[in-house]
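Asks: Any chance you can model this:
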Amino acid sequence: MKPKELRSLSKEEILKKIDGWEEEIFNLRFQAKIGQLANPLQLRYLRRDIARAKTILNQMGD
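Replies: Sure thing, here's the model as predicted:
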């Protein structure tokens, strides 16, 4: 997700997105362990999206 798109969301919406991405990472890691992960780069992209979202949350402040 692009930073511009994230900045247009509210804090609650960003937190929901982060929760969804973390759940998706859990599922992808499980698939990787059993050898069924189709695209291993998905994990990297999701981790970056989470980091980007958390950075924007910090920039928003309280």
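Asks: what about Gly20, neighbour count?
Replies: 11 (other C-beta atoms under 10 Å). (Glycine included, C-beta is placed from N, CA and C.)
Asks: Look up how far Glu13 lies from it.
Replies: 11 Å (C-beta to C-beta, to the nearest Å).
Asks: Equivalent analysis for Met1, please.
Replies: As for Met1, its distance to Glu13 is 11 Å (criterion: C-beta to C-beta).
Asks: next one: Gly35
Replies: Distance of Gly35 to Glu13, given as C-beta to C-beta: 35 Å.
Asks: and if you look at Leu37?
Replies: Distance from Leu37 to Glu13, counting by C-beta to C-beta: 28 Å.
Asks: higher neighbour count, the two?
Replies: Between Leu37 and Glu13, Leu37 has the larger neighbour count (other C-beta under 10 Å), namely 16 against 12.
Asks: count of residues packed around Asp49?
Replies: By the criterion of other C-beta under 10 Å, Asp49 has 18 neighbours.
Asks: In the chain, where's the longest helix?
Replies: Determined from DSSP state H, the single longest helix within the chain is helix 11-33.
Asks: So which bits of that one are buried?
Replies: For helix 11-33, the neighbour count (16 or more other C-beta atoms under 10 Å) marks Ile14, Lys17, Ile18, Trp21, Ile25, Leu28 as buried.
Asks: Pull the distance from that helix to the chain's centre.
Replies: 6 Å (C-alpha atoms, centre = their mean, to the nearest Å).
Asks: which residues sit against it?
Replies: For helix 11-33, contacts defined as C-beta atoms under 8 Å, 6 or more residues apart in numbering pick out 1, 6, 9, 37, 40, 42-43, 46-47, 49-50, 53-54, 56-57, 60.
Asks: Apply 7 Å and report the result again.
Replies: Applying C-beta atoms under 7 Å, 6 or more residues apart in numbering, the contact partners of helix 11-33 are 6, 37, 40, 42-43, 46-47, 49-50, 53-54, 56-57, 60.
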